[in-house]
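Fold the following for me, if possible:
(2 chains)
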Amino acid sequence: MGRLVILGAGIAGHTAALHASKKLKGKHELIVISPNSNWNWIPSNIWVGVGFMKTNQVTFPLKPVYKKIGATYIQAKAISIHPEGDKETDSPFVMIEYTKDGKIGKTEKVKYDYLMNATGPKLKFEATEGLGPGKNSVSVCTPSHATEASRQLHESIERMKRGEKQTFVIGTGHGMCTCQGAAFEYLFNVEYLLRKKGVRDKAKIINLTNENEIGDFGIGGSHIKKGGFITHSRIFTESLFTERGIEWRTGIHVRNVGQNDVFYENLKGEEKTVGKDFAMLLPPFSGVGIASYNKVGEDITSTLFAPNGFMKVDADYTKKPYEEWKASDWPSTYQNPTYKNIFAVGIAFAPPHEISKPQVNPNGTQISPTPPRTGMPSGVMAREVVYSIIDMMNGISDKPTRTASMAKMGAACIASAGFNKFNGTAVSMTMYPIVPDFERFPETGRDINYTSGEIGLAGHWNKHLLHFAFLYKGKAKPFWQIIPE
Amino acid sequence: MAQLRKPYEQSYYPPVPTKLRKFKRVNLFVQFIRFVILNFKMLRMVRKH
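Purely as a prediction, here's the structure:
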């Protein structure tokens, strides 16, 4: 009997665990290690952040689900990976540290035959001075962060009801952030809420973003065929911002978030300050900081992980200019090139480079979005990789049998722009492939027949339905398999 | 927003939707049809992988 250990129980890790449980039952052992006791449907944190939902509507306990699917669940975080074992054992193992009450701080070795790293990111608030909860801005990255964001937002609304004016600064808190889509959703949900509360005229809303142009979303934007034109998402996004009265400042690297202002530099190298009463600024991401050691205890972290802490997989990490980037640089099996029984999926894998064209300002500061790899792509790659691992565990093949390159994968994305079943809206986007492939699609990098975008109430219905569908699937309720990633 | 639509400012240039377009975005009948079309597009994307 073999043992598969999955690190992380987010969208990628939990999806992998669900699929693995179907195939491994009785044949092999499945262990899921996560520092969190709850699963969180992260896309709906936006609605928690404006007060449309509560934490318990976007989370559920993991333990009963893993009991139901026959997996062992350990509430702990991985400290180090020992792919060759150590002086005491030849078996590879992960050193974990418990995060569960009663066992906090206790460490233990968990042996594995195959390891899937799906830890997601570390939220690196410390990269920008004054950034983050407990300091001078809020975030919507976790349910507790989003709850605090909602509290501060409603305080601002109360002030506006008393006649005060308020400035809302929403966007990215560092030049190397990803998840511009989340900032977009929060901007538009705040704007919608302020209108509903009758205080929109008292509010100035400003988007600070590290995108070169709004509508880039870390994927270089996308071209959509509409009204007889092939139009870039920048035009649609600028239109939406204008319609809702939201100012935008692009190419921004935030350097300091103060109590009443945000200090930043832009792509021209100018240093500027914008006043704020409320700021929701997303942090940059890094790997969670797992170390790695060989059999004799030497540090081999750089063999397993890139300098940013994300795990190296079968990507082409050769440094090359944007003009030489290819779709084939992107990984397809997500297998570590040195240790073939280790895989990384979701945010945890190290991308070969950005998707958007990198930009550096005259001060030498790089200001460009890092590649998004959350949501649908994260789920799809988790499913395909875990099926590869199961084939390897069952002796069907000694190599991965499935691929899930982001350069050959499509994505559907729905970005909320207001929560209401009769007048709410959301932007619905589809694109194929996620990573532009200019060899296959020379004009725009993507198949224009599969790439679309529109805003409307139907998008909100879909977003709300998916909220319930993914929570249902996450709980492994009957027929969860028919709900796609 | 009206106060932002001043010549040479950023919001002067992008296209803005007409009243009819805004009405269609939240009209139940129109959106029901869009809902069906959107789901078809998304399922087509899911099946493509």
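
I figured A:Gly297 was touching A:Lys87, is that so?
Yes. Counting by Cβ atoms under 8 Å, A:Gly297 touches A:Lys87, with 7.3 Å between them. Every residue, glycine included, has its C-beta placed from N, CA and C.

Quick one: end-to-end distance for stretch A:302-313.
Using Cα to Cα, to the nearest Å, the end-to-end distance of stretch A:302-313 comes out at 12 Å.

give me the residue from chain A nearest chain B.
Chain B sits closest to A:Gly245 of chain A, with a gap of 2.9 Å, by Cβ to the nearest Cβ.

For that residue, grab the count of nearby residues.
19 (other Cβ atoms under 10 Å in any protein chain shown).

One more: A:Gly163?
8.

mind pulling up the phi and psi values for the residue nearest to A:Lys320 when sequence neighbours are not counted?
Spatially, and ignoring its direct neighbours in sequence, A:Lys320 is nearest to A:His353 (7.9 Å; Cβ to Cβ, 6 or more residues apart in numbering or on different chains). Torsion angles at A:His353 (phi, psi; degrees, to the nearest 10) stand at phi -170, psi -180.

A:Lys111 too?
Torsion angles, degrees, to the nearest 10, at A:Lys111: phi -70, psi 150.

Give me the pLDDT value at it.
As predicted, A:Lys111 sits at a pLDDT of 98.

bridging residues for it?
Counting by DSSP bridges, A:Lys111 is bridged to A:Phe93.

For chain B, give me the ranges with low pLDDT.
The model of chain B has pLDDT under 70 over residues B:1-5, B:49.

How many residues are close by A:Glu126?
12.

Just say helix, strand or coil for it.
helix (DSSP: H, G, I helix; E, B strand; the rest coil).

if I pick it, what's in contact with it?
A:Gly132 (Cβ atoms under 8 Å, 6 or more residues apart in numbering or on different chains).

Just the pLDDT for it.
98.

how close does it get to A:Pro284?
When distance is defined by Cβ to Cβ, to the nearest Å, A:Glu126 is 10 Å away from A:Pro284.

Those residues of chain B touching chain A, which are they?
Chain B comes close to chain A at residues B:1, B:3-5, B:10-11, B:13-17, B:24-28, B:30-32, B:34-35, B:38-39, B:41-46, B:48-49, as judged by Cβ under 8 Å from any Cβ of the partner chain.

Which of the residues you listed are buried? Put it as a PyMOL command.
Selection of buried members from these for PyMOL, criterion 16 or more other Cβ atoms under 10 Å in any protein chain shown:
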select buried, chain B and resi 10+11+14+24+25+26+31+34+35+38+39+41+42+45+46+49
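
The residues of chain B next to chain A in helices, which ones?
Among those, DSSP state H puts B:24-26, B:28, B:30-32, B:34-35, B:38-39, B:41-46, B:48 in helices.

A:Cys413 against A:Met376, yeah?
Yes. A:Cys413 lies in contact with A:Met376 (Cβ under 8 Å); the separation is 7.1 Å.

Show me which of the two is the more surrounded one.
Each of A:Cys413 and A:Met376 has its neighbours counted (other Cβ under 10 Å); A:Cys413 has more, 24 against 21.

Could you look up the SS state of that one?
Note that with three-state DSSP, the state of A:Cys413 is strand.

That one pairs with what?
Beta-bridge partners, per DSSP bridges, of A:Cys413: A:Met429.

what does stretch A:58-76 contact?
With Cβ under 8 Å, 6+ apart as the criterion, stretch A:58-76 contacts A:9, A:14, A:17-18, A:20-21, A:25, A:29-42, A:44-45, A:47-48, A:96-100, A:108, A:110, A:143, A:467, A:471, A:474-476.

what ranges do the helices span in chain A?
So, for chain A - with DSSP H - the helices run A:11-24, A:45-49, A:63-69, A:143-161, A:180-196, A:233-243, A:301-304, A:375-393, A:457-474.

Adding mean pLDDT as columns, could you present those in JSON lines?
Output for the helices of chain A, formatted as JSON lines (pLDDT from 0 to 100):
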{"stretch": "helix A:11-24", "mean pLDDT": "95"}
{"stretch": "helix A:45-49", "mean pLDDT": "98"}
{"stretch": "helix A:63-69", "mean pLDDT": "97"}
{"stretch": "helix A:143-161", "mean pLDDT": "98"}
{"stretch": "helix A:180-196", "mean pLDDT": "97"}
{"stretch": "helix A:233-243", "mean pLDDT": "96"}
{"stretch": "helix A:301-304", "mean pLDDT": "97"}
{"stretch": "helix A:375-393", "mean pLDDT": "95"}
{"stretch": "helix A:457-474", "mean pLDDT": "97"}
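
Deepest-packed of those, please.
helix A:45-49 (a mean of 27; mean count of other Cβ atoms under 10 Å in any protein chain shown).

residue nearest the centroid of the chain?
In the absence of a named chain, chain A is used. By Cα atoms, centre = their mean, the mean C-alpha position of chain A lies nearest to A:Thr374, the distance being 3.9 Å.

Please report how far that one lies from A:Asn212.
21 Å.

got it, and A:Pro121?
With Cβ to Cβ as the criterion, A:Pro121 and A:Asn212 are 22 Å apart.

Of the two, which one has the most company?
A:Pro121 (23 against 20).

Isn't the more buried one up against A:Phe285?
Yes. Applying Cβ under 8 Å, one finds A:Pro121 in contact with A:Phe285, separated by 3.5 Å.

Could you double-check that A:Ile355 sits in contact with A:Ile219?
Yes. At 4.9 Å, A:Ile355 and A:Ile219 qualify as touching, with contact defined as Cβ under 8 Å.

Can you check which residues contact both of those two?
A:371, A:434-436.

Contact partners for residue 41?
All of this is about chain A. Counted by Cβ under 8 Å, 6+ apart, A:Trp41 has contacts A:58-59, A:467, A:470-471, A:474.

hmm, I had chain B in mind actually
A:412, A:428, A:430, A:452.

Return the member of those nearest to A:Gly163.
A:Ser428 (38.2 Å; Cβ to Cβ).

Now do the contacts for the closest residue to that closest one other than its chain neighbours.
Leaving aside its chain neighbours, A:Ser428 sits nearest to A:Gly459 (4.1 Å; criterion: Cβ to Cβ, 6+ apart). Shown in contact with A:Gly459 (Cβ under 8 Å, 6+ apart): A:414-417, A:425-428, B:38.

partner residues bridging the closest residue to A:Cys179 other than its chain neighbours?
Once flanking residues are discounted, A:Cys179 sits nearest to A:Leu282: 5.6 Å by Cβ to Cβ, 6+ apart. Counting by DSSP bridges, A:Leu282 is bridged to A:Thr172.

A:Tyr387 contacts A:Ala16, doesn't it?
No. Judged on Cβ under 8 Å, A:Tyr387 makes no contact with A:Ala16 at a distance of 9.3 Å.

quick one: buried residues of the longest strand seen in chain A?
Determined from DSSP state E, the single longest strand within chain A is strand A:72-82. For strand A:72-82, burial by neighbour count (16+ other Cβ under 10 Å) applies to A:73-78, A:80-82.

which ones are touching the residue nearest the centre of chain B?
By Cα atoms, centre = their mean, chain B has its centre lying nearest to B:Arg25, at 6.3 Å. Contact analysis of B:Arg25 by Cβ under 8 Å, 6+ apart lists A:425, A:455-457, B:17, B:31.

Next: A:Lys124.
Contacts of A:Lys124 (Cβ under 8 Å, 6+ apart): A:174, A:283-286.

residues in contact with stretch A:373-387?
With Cβ under 8 Å, 6+ apart, stretch A:373-387 has contacts from A:4, A:10-13, A:15-16, A:19-20, A:23, A:42-43, A:116, A:118, A:179, A:333-334, A:343, A:345-347, A:349, A:351, A:400-404, A:406, A:409, A:411-413, A:434, A:485, B:49.

burial of A:Lys421, as a residue count?
9.

hang on, isn't it packed against A:His460?
Yes. Counting by Cβ under 8 Å, A:Lys421 does reach A:His460; the two are 7.4 Å apart.

If we only consider the shared contacts of A:Ile355 and A:Ile219, which is nearest to A:Thr338?
The nearest one, if we look at these relative to A:Thr338 and count by Cβ to Cβ, is A:Pro371, at 22.8 Å.
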